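Trainee: quick one: sequence and predicted model below, then my questions.
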Amino acid sequence: MRHAAIVLPGLLAIACESSPQTITKEPTKQTRAAASQPSERTPPAPEKLVETWPPAIPSLLLEKLEIERAGSFILPEGTNELTPRAAVALDRGFALVGEAVSIDGPAQTRRWVGFVSTADRVSEGAGVQLGTGSIHAAISDDKGGALLVGDVGSWPNARGWFGTLDAKGAVTTELELASEAPTQMFDLLAGHGPEQRALLVGNVDARGLVVSIGPRGDVRWQTFVSNSGATQIHASARVHGVRGNVLAIGTRAQGAGVSESWWSTIADGPAGTDARVEQGRFQIAGADPDQVLEVIVDLGDDIGFLALGRARRDLVQDHDQIIAVGFDRTGAPTWSRALEYFRGMEIYGAAVDPERPGIANFVVRIPIGGDKGRSALGWLDICPGVDGILIPRQLAGTEGWASAGFIEGREGRPAILTYARTETGIDWRVLPLSTSYYVGAPS
């Protein structure tokens, strides 16, 4: 089995390229509805009825990635813990964004930005603390800086927040979103057209929320997405087309311990736009009942999108089942699967190498054998399709490390930003993805 797994990387690109998922026409409403209908659950095989719980931790192949760059950040004054949530490339370097937490006295979380210059050989510093809240996501803009999204304040008085960075990592814009209910924003997309700078997605109370930001950093419009059960949007992607519609993913609560994987396509425009919202849910064969889709990645032209999430059966458990859902270019769901032989604890991000469209790369915190709670970082490659090739690896030297997702590395190709907490702050590393799975490369 181990020998078979070693040769799989050399076949990944071939397998993905041999099964293109080109969409030639717009699906009808009936097609979309059929794709989102729950499938009949297959009765478990007799041996499954006596399965052990929780499942055994799978043993994965070790992959050692080159360290492109490394450095550290010290704790800002008055804080005890740093948690980077995202990494983003800038013209003069890159930024880590997230939160700095004070746990001495009343716990308080503050938005935090740390900048790493390409000109500095030694990368150390404390970064910059902003007001209370957290930064959840960041993307590069067209000016060498970045767009940020997160929240201000603490629950139940949290409000959405939008910010910008310049090419040197300085905060240049901050906007608080007015709201009468608790609001958290988790993801953002670059603007569609000259009248939109960014599109933010998140949640207000028990509804999904989509907010359009204008070129001056003001709110143009907002749309609420609701359904039976509390609806939460966790991530989004831009559906290609003139209208710039949005594909949102997340979860919809259906009762204690039961949450369905959820999706929606939302027209980019103020309320009243034709075909404003279309949404559906999944009943993934073999998946545990409490589900959430957390990250989504664009696989490239004529291929579609791939979302990854987690499923669990107990409110508290050591590690979760990983689930995947595919979408076509219009945002219609086409397949779903529960991944075997791979368990996860957190999903940090997704990326596609521009030289290899169609192969989704995910970075996940995974359980490893030994004492309870031990973890490391896993790198997961997936080809689209219910039977697409799946290559999970454990990244060597990352036990106890976490990740801020992917960042643009050398020559514009994706790299994983990893970090580990220390007594004085965090140590971080940039790990470019290996090319060992490419056609013609040694396995």
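Mentor: Perfect, thanks for sending it.

Trainee: helices of the stretch 1-150 of the chain, start to end?
Mentor: Secondary structure of the stretch 1-150 of the chain by DSSP state H, counting those that start in this stretch: the helices cover 2-17, 29-36.

Trainee: for G98, list each beta-bridge partner.
Mentor: P84, W112 (DSSP bridges).

Trainee: and if you look at A237?
Mentor: L247.

Trainee: that one: neighbouring residues, count only.
Mentor: 23 (other CB atoms under 10 Å). All C-beta spots, glycine's among them, are computed from the backbone N, C-alpha and C.

Trainee: check contacts around it.
Mentor: If you count contacts by CB atoms under 8 Å, 6 or more residues apart in numbering, A237 has them with L189, V246, L247, I296, V297, D298, F305.

Trainee: one more pass at 7 Å, please.
Mentor: The contact partners of A237, taken as CB atoms under 7 Å, 6 or more residues apart in numbering, are L247, I296, D298, F305.

Trainee: what's the closest non-adjacent residue to the residue nearest the centre of the chain?
Mentor: With distances taken as CA atoms, centre = their mean, the residue of the chain nearest its centroid is V295 (3.2 Å). In space, and not counting its chain neighbours, V295 is closest to A350: 4.7 Å by CB to CB, 6 or more residues apart in numbering.

Trainee: what about the one you found, distance to N361?
Mentor: 7 Å (CB to CB, to the nearest Å).

Trainee: out of the two, which sits in the more crowded spot?
Mentor: For A350 versus N361, the count of surrounding residues by other CB under 10 Å is larger for A350: 27 against 20.

Trainee: from D166, how far off is that one?
Mentor: 27 Å.

Trainee: same thing with G255?
Mentor: Counting by CB to CB - G255 and D166 are separated by 47 Å.

Trainee: neighbour count for these two, which is higher?
Mentor: D166 (18 against 9).

Trainee: my read: that one touches T172, true?
Mentor: Yes - counting by CB atoms under 7 Å, T172 is a contact partner of D166 at 5.2 Å.

Trainee: any regions of this structure where pLDDT drops low?
Mentor: Along the chain, the parts satisfying pLDDT under 70 run over 1-51, 105, 121-122, 228, 241-242, 256-257, 270-276, 436-443.

Trainee: ok so, going back, who does the residue nearest to the centre of the chain bridge with?
Mentor: Bridge pairing for V295 - DSSP bridges - gives L308.

Trainee: please tell me how far it sits from E174.
Mentor: Distance from V295 to E174, by CB to CB: 26 Å.

Trainee: what about T83, neighbour count?
Mentor: If you count neighbours by other CB under 10 Å, T83 ends up with 17.

Trainee: OK, contacts around it?
Mentor: G98, E99, V101.

Trainee: try 6 Å this time
Mentor: G98, E99 (CB atoms under 6 Å, 6 or more residues apart in numbering).

Trainee: gap between it and F342?
Mentor: T83 is 25 Å from F342, by CB to CB.

Trainee: cool, W221 as well?
Mentor: 40 Å.

Trainee: returning to that earlier point: which residues are in contact with the residue nearest to V295?
Mentor: V295, V297, F362.

Trainee: for those residues, which one is nearest V316?
Mentor: V295 (22.6 Å; CB to CB).

Trainee: for T164, see how far away the closest one is.
Mentor: 23 Å.

Trainee: again with G286
Mentor: As judged by CB to CB, G286 and T164 stand 43 Å apart.

Trainee: and those two? Which one has more around it.
Mentor: Per other CB under 10 Å, whichever of G286 and T164 has more neighbours is T164, with 21 against 16.

Trainee: show me what the more buried one bridges to in the sheet.
Mentor: L147, T173.

Trainee: quick one: it and T173 touch, right?
Mentor: Yes - here T164 reaches T173: they are 4.0 Å apart, a contact under CB atoms under 6 Å.

Trainee: what's around the nearest residue to P354 once chain neighbours are set aside, how many residues?
Mentor: Closest residue to P354 apart from its sequence neighbours, by CB to CB, 6+ apart: G412 at 6.4 Å. A count of nearby residues for G412, using other CB under 10 Å, gives 10.

Trainee: repeat that for T183.
Mentor: 24.
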